[in-house]
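Novice: Here you go, sequence then predicted model.
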Protein chains: 4
Amino acid sequence: MPAKEDKRSRILKAAVKVFAQRGFYNAKVSEIAKNASIADGTIYLYFKNKDEILISIFEEEMAKFISKVRKEIESEPDIKSKLRIFVKTHLNFVEKNPKLAQVFQLELRQSNKFIKEYAGSKLKEYLNVAGDIIEEGQRHGIIRKDIPPGLIKRALFGSLDEVATHWVLMKNGKYDLGKSAEQIADIFINGIAKT
Amino acid sequence: MPAKEDKRSRILKAAVKVFAQRGFYNAKVSEIAKNASIADGTIYLYFKNKDEILISIFEEEMAKFISKVRKEIESEPDIKSKLRIFVKTHLNFVEKNPKLAQVFQLELRQSNKFIKEYAGSKLKEYLNVAGDIIEEGQRHGIIRKDIPPGLIKRALFGSLDEVATHWVLMKNGKYDLGKSAEQIADIFINGIAKT
Amino acid sequence: MPAKEDKRSRILKAAVKVFAQRGFYNAKVSEIAKNASIADGTIYLYFKNKDEILISIFEEEMAKFISKVRKEIESEPDIKSKLRIFVKTHLNFVEKNPKLAQVFQLELRQSNKFIKEYAGSKLKEYLNVAGDIIEEGQRHGIIRKDIPPGLIKRALFGSLDEVATHWVLMKNGKYDLGKSAEQIADIFINGIAKT
Amino acid sequence: MPAKEDKRSRILKAAVKVFAQRGFYNAKVSEIAKNASIADGTIYLYFKNKDEILISIFEEEMAKFISKVRKEIESEPDIKSKLRIFVKTHLNFVEKNPKLAQVFQLELRQSNKFIKEYAGSKLKEYLNVAGDIIEEGQRHGIIRKDIPPGLIKRALFGSLDEVATHWVLMKNGKYDLGKSAEQIADIFINGIAKT
DNA sequence: GATGAATGAGCGTTCATTCAT
DNA sequence: AATGAATGAACGCTCATTCAT
């Protein structure tokens, strides 16, 4: 059923564009429909409501991204480089997908449904990619054990997220996210290294 | 000016309560007015619009908080303890002001005006409290100089912010923010220390 | 507060006009507002929703009509003439208020809320005006006692209602409701007389 | 034609069920289709639109009912018993077909098309069954001639209709329609008898 | 004939904001 | 300054109906 899948992705693609352009609340469903070259009502054959479009964008892009990150990490020889790659892949994704980044960093958080009702399983899964590396590092005696991995992964994610948001708000141009990635990786790798 | 100031703060106090209870978008101006025991229209004598109430809450609470943080830091003898106190004060504030924390961590970000138009001078000022400590540390040769203080302060803030948001979403109970503060401080102090 | 009362009745008057013209479901709230020379939203200061406008028309017109009927009956000397006057007043009201009659006979019954949720206390009250006459007649030995007044009043009302509806659908012109009133009164008075 | 006829009646049967359950306006065509185990679009091969389904139910059930009433009356020896049987058959039908009665008494009247456009030939035909008895009675000098049969039949129908509606709204249980039928017949037979 | 995916018109209601008093 | 009645813009969503297959 390729036609159906095709229509569904056209909606999502159009939604990313419109959300990034207008913001989630100002984005009109009818504008998304027009951008996807379908009728307004058709959207509701694929998504329950406007919030669900937003959440689907997140879930599906995150799913793709998570498996990408996993693949990148896999081939790294040690804990530290895994962590470094995790950080670099995160900020590289932001840099390469500015529209999507705007949706992830800004629009997503305007939806009550997303923030307060959506459990955020994809987010948890992503955080656990980092969490798993950290736990492994702790088992191997490379990472200090007196800080819970749950806190470390969250602190790391917070740093990346904040830097990403700032980059989006600065309209991209300003700084080099690749460099920042290296530096954030440095901070955390040194910060949590077993001494 | 006491009467006016009084009414103004009653509005802000009522707004924090209603925003925390209902969320920014679901909060009705009329409900804030009722909570402040004034007429709907009166609110517009003190604030330009609903977003301005939110922004004013942020600005005024941040002003108080910033000067508190500054005072706390002042008395600390060295860079590292200044940084540690910065972190602890941040998370302690969250823990002691759950309603305000909910507004800061969640509701504030639902306002397009806040995110996209409000330059966030108070936020910058707050970040610079950390930035100043870091710069001082770099000048004193205690903190590595190869990472821009602008990035460090943002990374640190991001970590604190993410942990705070998680705490708010978990409905507070779960974990000990005091302990987390120590651990985040540890990570960053070690992470940016000159080796 | 005459201004407020005035606005409320302007809405009701406009609603009768628009409901009669377009039917309940096709009537747009905005058209009612325009006819009443007020803003759309103002309607919702006076009525909870569109159905409530319809129900209010019914309740308020019925209240006026019921007290009119009661007054007419009061002055009649005996049971039979009371019953006759009841019938005549009913059909006379229909004849003199064609727009309202259209709303009562046709539009009202298109509202699910009216039919299925609204208890219809005013309708009950009206039926009881007839019911009371009948009970009195039974007590006085003028009306046969082997038929419950509850059935008689309903049968009588049904006859009047059906004739009224037919008259509305025939666009009024056709027949003389005054004559019909006399004849229906005849049927019922003879039909329920104690023999 | 059996397959087609079969599908058509399945739709009508499903529609009665769904209309009685949800009301005409809340009934979804797709739900009728699901109940009839056919595709949504198939309904439009048999009926022009949703209103036509409703009207068809009415017409077809009325056709069956009218011929039933005619048969019942035929075997009656005199005018009065014919009239009595007419009344009893009417209310007996209601009592024996509660779902259909709900559709006839309540849902049918919510359709603008039915009320205002559908001439109601089946209704006329049914009324004329009573009208014919009455005219015959007038010719035979049994029924008073000073009331037009057109009014009598309508008054009688109104009584039956109102009692039926009340019975439906009371959710059936309450009263004995058989008894009511006798009493209504009494009222009218006495009421229109030549004196 | 049968399907069911696609269409797109249609509108009640909310609520931030204004402004006459 | 304070009031609160009045305003009116704004739009997501449903669902009867169509039509390509």
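Specialist: Thanks, I have it.
Novice: avg pLDDT for stretch A:48-60?
Specialist: Averaged across stretch A:48-60, pLDDT comes to 95.
Novice: Run a quick neighbour tally on the residue of chain A found nearest chain D.
Specialist: As assessed by CB to the nearest CB, chain D sits closest to A:Leu45 within chain A, at 12.5 Å. (C-beta placed from N, C-alpha, C; glycine too.) Using other CB atoms under 10 Å in any protein chain shown, A:Leu45 has 12 other residues around it.
Novice: State the distance from it to A:Ala33.
Specialist: Note on A:Leu45: its distance to A:Ala33, by CB to CB, to the nearest Å, is 11 Å.
Novice: quick one: buried residues of stretch A:168-185?
Specialist: Buried residues in stretch A:168-185, counted by 16 or more other CB atoms under 10 Å in any protein chain shown: A:Val168, A:Leu169, A:Leu177, A:Ser180, A:Ala181, A:Glu182, A:Gln183, A:Ile184, A:Ala185.
Novice: Would you pull up how far it lies from the middle of the chain?
Specialist: In terms of CA atoms, centre = their mean, to the nearest Å, the gap separating the centre of stretch A:168-185 from the centre of its chain is 15 Å.
Novice: Equivalent analysis for stretch A:28-36, please.
Specialist: Per CA atoms, centre = their mean, the displacement of stretch A:28-36 from the mean C-alpha position of its chain is 24 Å.
Novice: same question for that stretch, mean pLDDT?
Specialist: 95.
Novice: Contacts for stretch A:89-106 next, please.
Specialist: Outside stretch A:89-106, the residues that touch it by CB atoms under 8 Å, 6 or more residues apart in numbering or on different chains are A:16-17, A:19-20, A:23, A:54, A:57-58, A:61, A:65, A:68-69, A:72, A:160-161, A:163-165, A:167-169, A:172, A:177-178, A:180-181, A:184, B:115-116.
Novice: Kindly check the end-to-end length of that stretch for me.
Specialist: 20 Å (CA to CA, to the nearest Å).
Novice: Stretch A:107-116 now?
Specialist: 14 Å.
Novice: Averaged pLDDT, that stretch. What do you get?
Specialist: Rounded mean pLDDT across stretch A:107-116 is 87.
Novice: So A:Ser37, which state does it fall into?
Specialist: Of the three states, A:Ser37 takes coil according to DSSP: H, G, I helix; E, B strand; the rest coil.
Novice: Am I right that it is in contact with A:Arg10?
Specialist: Yes. Here A:Ser37 reaches A:Arg10: they are 7.2 Å apart, a contact under CB atoms under 8 Å.
Novice: Between those two, point out the one with more neighbours.
Specialist: Legend: neighbour count by other CB under 10 Å for A:Ser37 and A:Arg10, higher for A:Arg10 (17 against 10).
Novice: Tell me the pLDDT of A:Asn172.
Specialist: 65.
Novice: Any part of the helix or strand hosting A:Ser180 near chain B?
Specialist: Assigned by DSSP states H and E, A:Ser180 belongs to helix A:177-192. Yes. Residues of helix A:177-192 contacting chain B under CB under 8 Å from any CB of the partner chain: A:Ser180, A:Gln183, A:Ile184, A:Asp186, A:Ile187, A:Phe188, A:Ile189, A:Asn190, A:Gly191, A:Ile192.
Novice: angle of that helix against helix B:177-192?
Specialist: Per axes from the mean of the first three to the mean of the last three CA atoms, to 10 degrees, the angle that helix A:177-192 makes with helix B:177-192 is 110 degrees.
Novice: hmm, who's touching helix A:177-192?
Specialist: Contacts of helix A:177-192 (CB under 8 Å, 6+ apart): A:80, A:83-84, A:87-88, A:90-92, A:94-95, A:134, A:137, A:143-144, A:147, A:152, A:155-156, A:159-160, A:163-164, A:167, B:146-148, B:151-152, B:155, B:186-193, B:195.
Novice: Figure out how far the lengthiest helix in chain A is from the centre of its chain.
Specialist: Scanning chain A for the helix with the most residues, using DSSP state H, yields helix A:50-74. Centroid separation for helix A:50-74 versus its chain: 7 Å, with CA atoms, centre = their mean.
Novice: and A:Ile85, how many neighbours?
Specialist: Other residues close to A:Ile85 by other CB under 10 Å number 20.
Novice: Go ahead and confirm it touches A:Ile73.
Specialist: Yes. With contact defined as CB under 8 Å, A:Ile85 counts as touching A:Ile73 (5.6 Å).
Novice: what about the residue in chain A that chain C sits nearest to, which SS state?
Specialist: Nearest to chain C in chain A, going by CB to the nearest CB, is A:Ser30, at a distance of 20.0 Å. Counting by three-state DSSP, the backbone at A:Ser30 sits in helix.
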